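Asks: Model the following, please.
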Amino acid sequence: MKILKITLHGFLVWLLSTAAAAQNGATELSRTDDYGYYNDIWGYTAPDGREYAIIGTDNGTAFYNVTNPSAPNRVAFIPGPNSIWRDMKTLGAYCYIVTEGGGGMQIVSLVNPDSPTLVSNYGASIWSHAHNIAIDTATSLAYVVGADPNPGMVVLDLANPVAPLQLASYNTHEVHDAHIQNGLAHLAEIYDGHYRIVSVSTLPAFPSLDFVTTPGNFTHNVWANATDSIAVTTDENTGGGLAFYDISNPSNIQLLSTWKNDNARVHNAFIKGNRAFMSWYSYGFACLDISNPSQPQQIASFDTNIATGPGFDGAWGVYPFAQSGLVYLSDQDGGLFVLRIDAPDFLLSGPTLLTVGNPASLNISGAAAGITWYLLRSFSNAGSQIHGTPFELGTGASLLASGTTDLNGSANHGILVPPRVSGLTIFVEAATAQGTLRSSNMLRVQIQ
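Replies: Here you go, the predicted structure:
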């Protein structure tokens, strides 16, 4: 157990935190570290429901049966060209792997998922190396991204899963990452700083529908929701972060909101339902509720506890699409993490746009009756609660208020917005008299 110490006007308030395996709405079910270095991650669900995590290393790809998420079982390791970059996607019972190390595309059979087998290589005569791969599962087309000497994409027909056919090439713009579905290719053009939507419904033509410059001007990754109404991009640079867009009209991309953390670089983001899932290097893993994409709210995070600072070490990839709802996370030094997203113990609600010097009312609901609660001003560094930093203007005073919930397990408290504070995050922790910590969702409050 970790003890949190909060100073308020010379008094100390002590709260017991949850065990190390549970952080800010996410619980670590297991961590597996069999290799020295890791990169991207993906997943596969067998027809009988068995689930597998697929994680890249610097010299190959490891396959784990994670049907028992508390005890992953490595079922295969497929050696590959040495590289710190490796990316993989699945289609049917096959996994397709590319790398900056060259050697074309490895095709691995998952027909027997407890004994994956390398069945063929393809593409070494077409590209020298590739950075990424995207697969449109509805059309069985693979888009090999950053396939040098073509910096755009090479499109492959996977109708025969072990014998691809080259169908088309896109080289109008350099592409770093892509997501393709519903006749649209969502492209991350990292060095141009653009998110671009291209039609792929009339291949080999690639008409551009629209593009925007992302806030950090270094567009690393893009992902659209299942209905092509919302997209998220990541800018992989210091001060970069997430941006959410309305893409209901793909010819008129509209920025809805941004979410950033100046203390870490974001890497990859994905959307599943009303949630966005991110791997954020030294920030670790984060999950946002985007039911209202104009006001995303963090509901969970997990620090892999290896890296710190705004560098490129830490969490590389995240896979949120397992049928079980579990999340697979790859940390470059820490290996494979299997996480569960937990529902908050109770809810914090209130306005998300406040004015300095004006009062505001925050509400607690769904808690137990008659428990002591603490309203804390804090910045969450993916599992490490750094109370009062960096939004604290001096020392102490990170505890905004405390009280007792009513018979309905509810509470209401008015606060006065402190001066010179922007990007304030409010986080509620309620401790019972026995010292058991219960936590709410995070409420991100913008100060104007």
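
Asks: Can you pull up the most central residue in the protein?
Replies: Geometric centre of the chain, nearest residue: Met278, 1.2 Å, by CA atoms, centre = their mean.

Asks: May I have the beta-bridge partners of that residue?
Replies: Note on Met278: beta-bridge partners by DSSP bridges are Ala269, Ala286.

Asks: Run through the residues that contact it.
Replies: Met278 is in contact with 234, 242, 266-270, 285-288, 318, counting by CB atoms under 8 Å, 6 or more residues apart in numbering. (Each C-beta comes from the backbone N, C-alpha and C, glycine too.)

Asks: Repeat the analysis, applying 7 Å as the threshold.
Replies: By CB atoms under 7 Å, 6 or more residues apart in numbering, the contact set of Met278 is 242, 266, 268-269, 285-286, 318.

Asks: now do Glu189
Replies: Taking CB under 7 Å, 6+ apart, one finds 173-176, 196, 219 in contact with Glu189.

Asks: okay, it: pLDDT?
Replies: In this model, Glu189 is scored at 97, pLDDT.

Asks: Kindly report the same for the one 4 residues further on.
Replies: Confidence per residue is given as pLDDT, and for Gly193 that number is 96.

Asks: what's the distance between it and Asp40?
Replies: 22 Å (CB to CB, to the nearest Å).

Asks: out of those two, which sits in the more crowded spot?
Replies: Asp40 (25 against 18; other CB atoms under 10 Å).

Asks: ok, the more buried one to Asn112 distance?
Replies: Taking CB to CB, one finds Asp40 at 24 Å from Asn112.

Asks: got it, and His131?
Replies: Distance check for His131 against Asn112: by CB to CB, it reads 30 Å.

Asks: Comparing those two, which shows the higher neighbour count?
Replies: Taking other CB under 10 Å, His131 and Asn112 do not tie; His131 has more neighbours (21 against 12).

Asks: which ones are touching the more buried one?
Replies: 85, 100, 145-146, 176.

Asks: now it: how far from Ile253?
Replies: 23 Å.

Asks: Nearest residue to Glu174 in space, please, no chain neighbours.
Replies: Pro151 (3.9 Å; CB to CB, 6 or more residues apart in numbering).

Asks: Now name the helix or strand holding that neighbour.
Replies: Using DSSP states H and E, Pro151 sits within no helix or strand.

Asks: That one contacts His173, doesn't it?
Replies: No: contact criterion CB atoms under 7 Å: Pro151 and His173 do not qualify, at 8.1 Å.

Asks: so what's Ala53 scoring on pLDDT?
Replies: 98.

Asks: just checking, it touches Val327?
Replies: No: between Ala53 and Val327 there is no contact, the gap being 10.2 Å when judged by CB under 7 Å.

Asks: Give me the neighbour count for Phe218.
Replies: If we define neighbours as other CB under 10 Å, then Phe218 has 21 of them.

Asks: ok, now which ones touch it?
Replies: Residues counted as contacts of Phe218 (CB under 7 Å, 6+ apart) are 190, 193, 235-237, 240.

Asks: go again using 8 Å as the cut-off
Replies: 190-191, 193, 235-237, 240.

Asks: With adjacent residues omitted, what lies nearest to Tyr35?
Replies: Closest to Tyr35 by CB to CB, 6+ apart is Thr57, at 4.4 Å.

Asks: Can you name the residues bridging to that neighbour?
Replies: Tyr38, Gly60.

Asks: That one: how many residues sit nearby?
Replies: Thr57, neighbours per other CB under 10 Å, totals 23.

Asks: and the closest residue in space to Thr355 that isn't next to it in sequence, how many residues sit next to it?
Replies: Excluding the flanking residues, the one nearest Thr355 by CB to CB, 6+ apart is Gln448, at 5.6 Å. Counted with other CB under 10 Å, residues neighbouring Gln448 total 9.

Asks: Ile55 too?
Replies: 30.

Asks: Three-state assignment for it, please.
Replies: strand (DSSP: H, G, I helix; E, B strand; the rest coil).

Asks: so how far is Leu242 from it?
Replies: Going from Ile55 to Leu242 by CB to CB gives 24 Å.

Asks: Same check on Leu29?
Replies: From Leu29 to Leu242 the distance is 26 Å (CB to CB).

Asks: quick revisit: residues touching the residue nearest to Tyr35, list them.
Replies: 35-39, 86 are the contacts of Thr57 under CB under 8 Å, 6+ apart.

Asks: Now that we have those residues, which of them are buried?
Replies: Listed as buried from the contacts of Thr57 are 35, 38-39, 86; burial here means 16 or more other CB atoms under 10 Å.

Asks: which of those residues lies closest to Val75?
Replies: Tyr35 (14.9 Å; CB to CB).

Asks: beta partners for Tyr170?
Replies: Met153.

Asks: pLDDT value on it, please?
Replies: In this prediction, Tyr170 has a pLDDT value of 95.

Asks: just the strands in the stretch 201-350 of the chain please.
Replies: Applying DSSP state E, counting those that start in this stretch to the stretch 201-350 of the chain gives strands spanning 208-213, 219-224, 230-235, 241-246, 254-260, 268-272, 275-279, 285-289, 297-302, 315-319, 327-331, 335-341, 347-349.

Asks: Taking the contacts of Phe218, tell me the two that lie furthest apart.
Replies: Top of the distance list for the contacts of Phe218 (CB to CB): Tyr191 and Gly240, 13.7 Å.
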